[in-house]
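In: Quick check, what structure comes out for this input:
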Amino acid sequence: MTESQRWFLLICTLVLGGLVYLLAPILSPFLIAGLLAYLFDPLVDRLEERRMSRTGGVVLVFVLLTTLMVVSVLLLLPQLGRQVQVMIDRVPVVIELFEQRLLPQVEAFLGVDTSALDFGSLKTLMLGNWQETGNLMAKLAGGITKSGLAVAAWAANMVLIPVVMFYLLRDWDIVMARIRVLLPLYLEPRVSLWARECDEVLGAFIKGQLLVMLALGAIYAIGLWLVGLDIALLIGMLAGLASIVPYLGFIVGIVAASVAAFIQFQDPTILVWVAVVFGIGQALEGMVLTPLLVGDRIGLHPVAVIFAIMAGGQLFGFVGVLLALPVAAVIMVLLRHLHRGYKSSTLYGSATVAEVDLRNTEPDE
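Out: The predicted model follows:
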């Protein structure tokens, strides 16, 4: 690569980054639509292999996805609303349980006196904050409702996402082919190789891990519902979302479910059933879900996932969160190639060669 070509690539990268930063407020619906098109393109390709037209396959996928989303919203939102209210109503019970049962055991175990703590004032303060939080949310919702501009922007995004997704999904192969043609000839083979590796990483993580998250959330929610937990759906969804990082969903879910179950039943034996539910979930994830949905493809390291999401949100807000995982996949592939280049370079091998030469020149004793 010549010096001018390197400067050209650097300028293009800087311009692209600047455009993303400046256009961040309007990019969210396009990025969401692009992500959905990327996820469902393999399904449309399979329908094409069955001699269905591209447009027909897109329409079929679109109808199925829309139906699934509408049914999910109609079934899940009322349940989630009720379970959130149940959780809020049990805040006084949590404080009272801590004060009357847990705190005496802590005093006996540690030998400390906590009588100076005013739990009555703490209870009043927490309940007041819960009430203020509810009032604040009501005021916020009222303000959003009264703001015609905010409602119009939200409605426009909701309409724009499926429209953009439809056209991107229909023309996905054409768009990818045109991007490939636009690449400089000296970069096309290498960029194509990087693109295939990035697709493997994103396919292993996004396409596979999202399905694992959805399946785990359903398993945990159904299991906790069979146990009798009132907020089973809420905790199941929380544990499923946290499963974006391996083992984090299990830790968050079993802790939250154990606390909620003990507060509801106030019987330590219920914790055994909670452990059974999450044990079954972990066994299914390790032996069935991950091998079937993710396979042996290389995904992103959990630390890389956490850092990428936090860094993207800090730099670009919600748009940065959407871009975090694709950018992290690209960086991971580039670092892998840089590592291979470094291992095969004289910079890495010169020290070894020098040490061998030094040992060869040392006099024998």
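In: What residues sit buried inside stretch 52-65?
Out: 54, 57-59, 61-62, 65 (16 or more other C-beta atoms under 10 Å). C-beta: built from backbone N, CA, C; applies to glycine.
In: Alpha carbons of the helix or strand where E200 lies, in PDB - could you do that?
Out: E200 is part of helix 188-202, with elements assigned from DSSP states H and E. Taking C-alpha atoms only, helix 188-202 is exported to PDB below (Å, rounded to 0.1, in the frame of the first residue of the first chain):
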ATOM      1  CA  GLU A 188     -10.900  -6.000  -2.100                       C
ATOM      2  CA  PRO A 189      -9.500  -9.500  -1.300                       C
ATOM      3  CA  ARG A 190      -8.300  -8.500   2.200                       C
ATOM      4  CA  VAL A 191     -11.500  -6.600   3.000                       C
ATOM      5  CA  SER A 192     -13.600  -9.500   1.800                       C
ATOM      6  CA  LEU A 193     -11.700 -11.900   4.000                       C
ATOM      7  CA  TRP A 194     -12.200  -9.500   7.000                       C
ATOM      8  CA  ALA A 195     -15.900  -9.200   6.200                       C
ATOM      9  CA  ARG A 196     -16.300 -13.000   6.200                       C
ATOM     10  CA  GLU A 197     -14.500 -13.200   9.500                       C
ATOM     11  CA  CYS A 198     -16.600 -10.400  11.000                       C
ATOM     12  CA  ASP A 199     -19.800 -12.100   9.800                       C
ATOM     13  CA  GLU A 200     -18.700 -15.300  11.600                       C
ATOM     14  CA  VAL A 201     -18.100 -13.300  14.800                       C
ATOM     15  CA  LEU A 202     -21.400 -11.400  14.600                       C
END
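In: circling back: what is the nearest of the buried residues of stretch 52-65 to L43?
Out: Of all the buried residues of stretch 52-65, V61 has the smallest distance to L43: 5.8 Å, by C-beta to C-beta.
In: Could you measure from that closest one over to W194?
Out: 28 Å (C-beta to C-beta, to the nearest Å).
In: do the same with A177
Out: The value you get for A177 to W194, if C-beta to C-beta is used, is 17 Å.
In: just A24 next, same as before
Out: 25 Å.
In: on that earlier part again, which parts of the helix holding E200 are buried?
Out: 194-195, 197-198, 201-202.
In: May I see those arranged in JSON lines, with distance to V163 and pLDDT as well?
Out: JSON lines is the format used below for the buried residues of helix 188-202 (distance: C-beta to C-beta, whole Å; pLDDT from 0 to 100):
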{"residue": "W194", "distance to V163": "31", "pLDDT": "79"}
{"residue": "A195", "distance to V163": "26", "pLDDT": "80"}
{"residue": "E197", "distance to V163": "32", "pLDDT": "80"}
{"residue": "C198", "distance to V163": "27", "pLDDT": "79"}
{"residue": "V201", "distance to V163": "29", "pLDDT": "75"}
{"residue": "L202", "distance to V163": "24", "pLDDT": "76"}
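In: what element comes up after the helix ranked longest in the chain heading to the C-terminus?
Out: In the chain, ranked by residue count with DSSP state H as the criterion, the top helix is helix 54-89. Remark: after helix 54-89, the chain's next helix or strand is helix 91-97, criterion DSSP H and E.
In: which other helices and strands contact that following helix?
Out: helix 119-146, helix 248-265 (3 or more C-beta pairs under 8 Å, 6 or more residues apart in numbering; DSSP states H and E).
In: worst average pLDDT in these?
Out: Lowest mean pLDDT within the helices and strands packed on helix 91-97: helix 119-146, a mean of 53.
In: where does Y186 land in three-state SS?
Out: coil (DSSP: H, G, I helix; E, B strand; the rest coil).
In: Next, count neighbours for it.
Out: By other C-beta atoms under 10 Å, 11 other residues sit near Y186.
In: Quick check, it in contact with Q5.
Out: Yes: using C-beta atoms under 8 Å, Y186 is in contact with Q5, at 7.2 Å.
In: tell me the centre residue of the protein?
Out: I244 (4.8 Å; C-alpha atoms, centre = their mean).
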